[in-house]
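S.K.: Predicted model and sequence follow; I will ask about them next.
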Amino acid sequence: MVKLLMSTINRSASQFIASVVSNKRVGQYHQLILQVGDIVTFCKPGNFIAIKVGGESSRMILRRAFAISRTSQSSSFGGTIELIVAPFGSGSSWLCSQPEGSELDVVTPLGTAFGIPTEPVKALLVGGGYGSAPLFGLAEVLKLRGCKVDMLLGASTGGKIYAPMEGKRSANSLRIYTEDGSMGEKGRVTDPIWALVQDNAVDVIYSCGPMPMLAAISKLVEGTDIVHQCAVEESMACGVGVCMTCVLPVANDQGQVSMLRSCIDGPVMDGSLVQWDLVGQVHEVHQ
Ligand SMILES: Cc1cc2nc3c(=O)[nH]c(=O)nc-3n(C[C@H](O)[C@H](O)[C@H](O)COP(=O)(O)OP(=O)(O)OC[C@H]3O[C@@H](n4cnc5c(N)ncnc54)[C@H](O)[C@@H]3O)c2cc1C
Ligand code: FES
């Protein structure tokens, strides 16, 4: 079985003001670059940022979480991070409307990061919608480690595939799936996975996207030696382990299930331990 260097919660998190270096519309998303200074050295693929939204007089008291897509230590602005934001509700739409030079109150880097293999392996990266965000930076890290990196990106329609050319540059191969067939192959991003598993083309799967996609991948690799690292996206209110809104049922090595906070025990989790059938249900579990 593949050995991964696992990370625990990032203890370098801090709250500070980050300025918006650029805000570009890319398809149905916004690519935001934030100036974060030296903190960038602690940001790992899988970590996220919690951003205060709505300005000073806003009623939106809860920060919104966004995956850190990529980092740069050498830009002319010093340390920067890239986010891919889908304008959805009030918080994300406010964020997408922030012009260059705006200042944001942020807390980062939060959560666990993707485990990195100790040896070169065959890695399959699977992203659904904006779930591709943390996979581009991860692909670069894995390639530097000598891994073969294949990427599958999927969405309901072509406009929701973030920057397909970026995917091509970051990975050794890229296949795109859309449910309406408007880009790449028609179907779901999970469709080719079983064939790849049978061809022995995968040692580790890294995934990020909607929970049903993560659950489907876990089911596909059940009973195999394939490691599945998934970045879960459970609703989060505090983002720092206090409020318990983000809990998920997760088994330990002895099979005991407890409710873990996906903001500090995740977002990256071992997909084989998450009790996907119990997600969203209230069950009697060991605390
Ligand atoms: C780890 C993680 C990574 C994410 N990465 C990305 C990313 O890369 N790109 C992206 O576009 N989105 C990402 N999201 C989703 C993002 O955090 C927001 O949920 C999404 O942008 C919608 O927020 P909104 O403010 O537009 O919508 P709203 O409908 O206003 O709020 C959506 C979410 O905000 C929280 N919330 C708002 N109001 C309340 C309330 N009264 N009580 C409790 N909770 C409330 C809940 O989490 C809710 O699901 C991520 C989420 C998580 C948890
Ligand atoms: S979001 Fe509050 S405990 Fe996780």
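M.R.: Great, that's in hand. Ligands and ions are numbered 1, 2, ... in the order given.

S.K.: okay, CA-based contacts and neighbour counts for the rest of this
M.R.: Fine.

S.K.: need the helices for the protein, in chain order.
M.R.: Along the chain, counting by DSSP state H, helices occupy 90-96, 133-144, 164-170, 193-198, 211-221.

S.K.: what residues does the stretch 1-150 of the chain put near ligand 1?
M.R.: Contact residues, the stretch 1-150 of the chain versus ligand 1 (C-alpha under 6 Å from any ligand atom): 48, 64-67, 84-86, 88-93, 130, 133.

S.K.: Tell me the residues of the stretch 101-250 of the chain that contact ligand 2?
M.R.: Taking C-alpha under 6 Å from any ligand atom, the part of the stretch 101-250 of the chain that reaches ligand 2 is made up of 236, 237, 238, 239, 240, 241, 242, 243, 244, 245, 246.

S.K.: Adding pLDDT, neighbour count and distance to residue 118 as columns, could you present these in CSV?
M.R.: Output for those, formatted as CSV (pLDDT from 0 to 100; neighbours: other C-alpha atoms under 10 Å; distance: C-alpha to C-alpha, whole Å):
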residue, pLDDT, neighbour count, distance to residue 118
236, 91, 21, 31
237, 89, 19, 34
238, 88, 18, 33
239, 89, 27, 29
240, 89, 18, 29
241, 90, 18, 29
242, 90, 12, 33
243, 91, 12, 35
244, 92, 17, 33
245, 92, 16, 34
246, 94, 23, 30
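
S.K.: tell me, which of these make contact with ligand 1?
M.R.: 236, 237.

S.K.: What is the burial count for residue 200?
M.R.: Using other C-alpha atoms under 10 Å, the number of residues around residue 200 comes to 11.

S.K.: With residue 96 instead?
M.R.: Neighbours of residue 96 under the rule other C-alpha under 10 Å: 20.

S.K.: Now do the same contact list for it.
M.R.: Residue 96 is in contact with 23, 30, 32, 85, 86, 87, counting by C-alpha atoms under 8 Å, 6 or more residues apart in numbering.

S.K.: What separation is there between the residue nearest to residue 174 when sequence neighbours are not counted and residue 51?
M.R.: The shortest distance from residue 174 to any non-neighbouring residue, by C-alpha to C-alpha, 6 or more residues apart in numbering, is to residue 151 (4.8 Å). Going from residue 151 to residue 51 by C-alpha to C-alpha, to the nearest Å gives 28 Å.

S.K.: same thing with residue 145?
M.R.: Residue 145 sits at a distance of 32 Å from residue 51 (criterion: C-alpha to C-alpha).
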